[in-house]
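> build me a model from this:
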Amino acid sequence: METALARSVMHLETFSGFPLLSLLVVLPGIFAILGAFLPADAHRLHRALALTGSILTFVISLFVWARFNTALAGFQLVDDFAWIPSLGARWTLGVDGISLPLVMLTTLLQVLILLSSFSGIETRVREFGIAIMALEAGILGALLSVDLLLFYVFWEIMLVPMYLLIGVWGGQDRIYAAVKFFLFTMAGSLLMLVAIIWLYLKTGSKSFALPAMLDLQIDPKAQLFLFAAFALAFAIKVPLFPLHTWLPDAHVEAPTSGSIVLAGVLLKLGTYGFMRFAIPLFPAAMGSMSPLILALACIGVVYGALMAYVQKDIKKLVAYSSVSHLGFVVLGLVAFNEEAVQGAVLQGVNHGLSTGALFFLVGCVYERRHTRLIADYGGIAKVMPAYALFAVLITMSSVGLPLTNGFVGEFLILSGSFREGIQSVIAPNSGNWRNLLLGFSAVATTGLILGAVYMLQMIRRVFFGPLTNAENEKLRDLGWREKGILAVFTVFILWIGVLPGGLLKRSEASVRGLVQRSQMGIMQVRAPANYARELRLRAVAQPTAPARGHGHDHDHE
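Just a heads-up that it's a prediction; the model follows:
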């Protein structure tokens, strides 16, 4: 098949003999369809069906993990089939070191989400199983799509089941929260669709393939508008300050399973979109917009932490902590060296595990007391020792205690950001951008301190001190199912904290390829002197060869 995609060997390294990725995406959808044909009142059967589908999907993802070649930077195990021939749109799926960690996080969390719903979801069980499986199919499709139209379709598919999770199984103000989530996300998505169509018309081959669009010569001014369209959709999903206002409402009103999937995976689609599409397609625009994105990310880090500190509702506290933590991930993307970007990839996984576990912990105690107010608790470690043990350990991972997963990701982001920014001190003429990065990195560091303050204050008020509320004296400690779910979270939290190399090794080549391809285009705008010096050095080192990662330089000459 001679397509722009197949010819772009620098992006797609290996094609799959067996459509493994297609099976990974389609299988949850098949189980969702099967659930529609079973009797609505067969609750146990529906739970078993959805759980079986999620386990099988996780097993397939393990095969993808095992077959992944860590030495290759491009997409692997590629499935490429005709989809809409008249438009040039293709069913093209591929996995690389940036998407693989999120794929594994999605399939793992899906199993835990369904296990957690056994006691939390008691009505419309059939519809819940269908919605949660359809959501998994949409998430995996978006993570694996190499065709931009296909990506957009999966991006929109995710909206419907998440809207239903909030609107049907949510709390008292669930309709308001669901509509707000839908409108925010849809508004950004429509602008992204316009940008995708523009790129499609710009390609001579009329192709939606990402590699074909990466090779386009785009005017710097056009890049700004196109980048803004993509970045708005992804910034809403992150969510980046001040586009975050839908998130606390969605988290508070969503059922526990909805909060886990929202915090664990859906928010990561925003940072993933920046890495996969916005930055490599429009590096010059990223260079121009870097100061604004940097400022918003660091404001989000501090603002989210301060808002979390004053919350009276535990779930809302955890929701605002997500705004703070994901602002930190965006900081790593803006710093944009290999160290910081690898930290951003890893911290996306870390946040999914730690915050997903925190939402599950909130759900466990809410099912027993039907309140999330911090003031209604106090001293419950005396009656729920196992619960308190897991809560303290997972809180430590959220605040970045060494030997937990949170520490590794935060350290890489800070190290990469300060290493980039410190050049303004070592080489004073290296540009104002590095001064700005150094200052904002220092501001973001205060968010880590604030994070420890609000999380440890919550632990003290909920778990320790006198047991003053009589209703808490009869609280039942964790059951075996709940302990098993939290044990899985704990194993991965400690594994990544102690031995992070397994994940970092798989993302290293792809992150290096992303940085090498886009860094020069970004540098040309935000550090022209460094760009000119780098061009001279490369010309001396390779006088007849074009510099790697310089795919968009001709856009600015």
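
> so, low pLDDT: which residues of this structure?
By pLDDT under 70, the weakly predicted segments of the chain are 1-17, 424-431, 527-557.

> tell me the contacts of Ile314?
Taking C-beta atoms under 8 Å, 6 or more residues apart in numbering, we find Ile314 in contact with 362, 372-374, 458, 462. For the C-beta atoms, the positions are set from N, CA and C on the backbone; glycine is no exception.

> mind listing the strands for the stretch 351-500 of the chain?
Using DSSP state E, counting those that start in this stretch, the stretch 351-500 of the chain contains no strands.

> circling back to that earlier point, out of the contacts of Ile314, the closest to Ala487 would be?
Ala487 lies nearest to Val362 out of the contacts of Ile314, by C-beta to C-beta, at 17.8 Å.

> ok, the closest one - how many residues close by?
For Val362, the neighbour count with other C-beta atoms under 10 Å is 22.

> and what of the one 4 residues further on?
Applying other C-beta under 10 Å, we find 16 residues neighbouring Tyr366.

> tell me how far Arg497 lies from Asn350.
Heads up, residue 497 is Gly, not Arg. 9 Å (C-beta to C-beta, to the nearest Å).

> thinking again about what came up before, any of the contacts of Ile314 buried? List them.
362, 372, 374, 458, 462 (16 or more other C-beta atoms under 10 Å).

> contact partners for the last one?
Val462 makes contacts with 314, 374, 377-378, 380, 391, as judged by C-beta under 8 Å, 6+ apart.

> what sits against the closest residue to Leu143 other than its chain neighbours?
In space, and not counting its chain neighbours, Leu143 is closest to Ser99: 4.8 Å by C-beta to C-beta, 6 or more residues apart in numbering. By C-beta under 8 Å, 6+ apart, the contact list for Ser99 reads 143-144, 272, 276.

> and for Val103?
For Val103, the contacting residues are 24, 61, 64, 95, 140, 143-144, by C-beta under 8 Å, 6+ apart.

> now do the strands in the stretch 51-200 of the chain.
Along the stretch 51-200 of the chain, counting by DSSP E, counting those that start in this stretch, strands occupy 76-84, 89-95.

> double-check Gly400 against Gly447; I have them as touching.
No. In this structure, Gly400 is not within contact of Gly447 by C-beta atoms under 8 Å, at 10.7 Å.

> where's Leu24, which helix or strand?
Assigning secondary structure by DSSP states H and E places Leu24 in helix 20-36.

> angle of that helix against strand 76-84?
Inter-element angle recorded for helix 20-36 and strand 76-84: 60 degrees (by axes from the mean of the first three to the mean of the last three C-alpha atoms, to 10 degrees).

> quick one: helix 20-36 to strand 89-95, angle?
Going by the same axes, to 10 degrees, helix 20-36 makes 110 degrees with strand 89-95.

> mind checking how far helix 20-36 is from the chain centre?
Helix 20-36 sits 22 Å away from the centroid of its parent chain (C-alpha atoms, centre = their mean, to the nearest Å).

> which elements pack onto that helix?
helix 43-67, strand 76-84, strand 89-95, helix 100-120, helix 125-144 (3 or more C-beta pairs under 8 Å, 6 or more residues apart in numbering; DSSP states H and E).

> in CSV: the contacts of Ser99, plus distance to Phe336 and neighbour count.
Output for the contacts of Ser99, formatted as CSV (distance: C-beta to C-beta, whole Å; neighbours: other C-beta atoms under 10 Å):
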residue, distance to Phe336, neighbour count
Leu143, 21, 27
Leu144, 24, 28
Tyr272, 15, 23
Arg276, 14, 24
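
> format those residues as a markdown table; extra columns: distance to Gly74.
Listed next are the contacts of Ser99 as a markdown table, based on distance: C-beta to C-beta, whole Å:
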| residue | distance to Gly74 |
| --- | --- |
| Leu143 | 16 |
| Leu144 | 14 |
| Tyr272 | 17 |
| Arg276 | 13 |
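
> tell me how many other residues crowd the nearest residue to Val153 once chain neighbours are set aside.
The shortest distance from Val153 to any non-neighbouring residue, by C-beta to C-beta, 6+ apart, is to Gly141 (7.6 Å). By other C-beta under 10 Å, the residues close to Gly141 number 25.

> could you do Ser119 as well?
Close neighbours of Ser119, defined as other C-beta under 10 Å, add up to 14.

> nearest spatial neighbour of it, chain-adjacent residues omitted?
Glu367 (6.1 Å).

> so how far is Leu389 from the one you found?
Glu367 is 19 Å from Leu389, by C-beta to C-beta.

> more neighbours, those two?
Set Glu367 next to Leu389 and count neighbours by other C-beta under 10 Å: Leu389 wins out with 16 against 13.

> which ones are touching the more buried one?
With C-beta under 8 Å, 6+ apart, Leu389 has no contacts at all.

> make 263 the first number, not 1, from now on.
I'll keep to 263 as the first residue from here, and by that count the last item is Leu651.

> look up how far Leu452 lies from it.
Where Leu452 is concerned, Leu651 sits at a distance of 47 Å (C-beta to C-beta).

> swap in His587?
From His587 to Leu452 the distance is 28 Å (C-beta to C-beta).

> between those two, who's got more neighbours?
Counted by other C-beta under 10 Å, His587 and Leu452 do not tie: His587 has more neighbours, with 30 against 13.

> excluding its backbone neighbours, what's nearest the more buried one?
Distances taken as C-beta to C-beta, 6+ apart place His613 nearest to His587, at 5.1 Å, with adjacent residues excluded.

> any idea how many residues pack against the one you found?
Neighbours of His613 (other C-beta under 10 Å): 27.

> so it touches Val591, yeah?
Yes. Using C-beta under 8 Å, His613 is in contact with Val591, at 7.2 Å.

> quick revisit: common neighbours of Gly759 and Asn612, please.
Each of 659, 667-668, 670 lies in contact with both Gly759 and Asn612 under the rule C-beta under 8 Å, 6+ apart.

> Gly759 and Asn612 - which one has more neighbours?
For Gly759 versus Asn612, neighbours defined as other C-beta under 10 Å are more numerous around Asn612 (31 against 21).

> report the angle between whichever strand or helix holds that one and helix 362-382.
In the assignment (DSSP H and E), Asn612 maps to helix 600-631. Interaxial angle of helix 600-631 relative to helix 362-382 (the same axes, to 10 degrees): 0 degrees.
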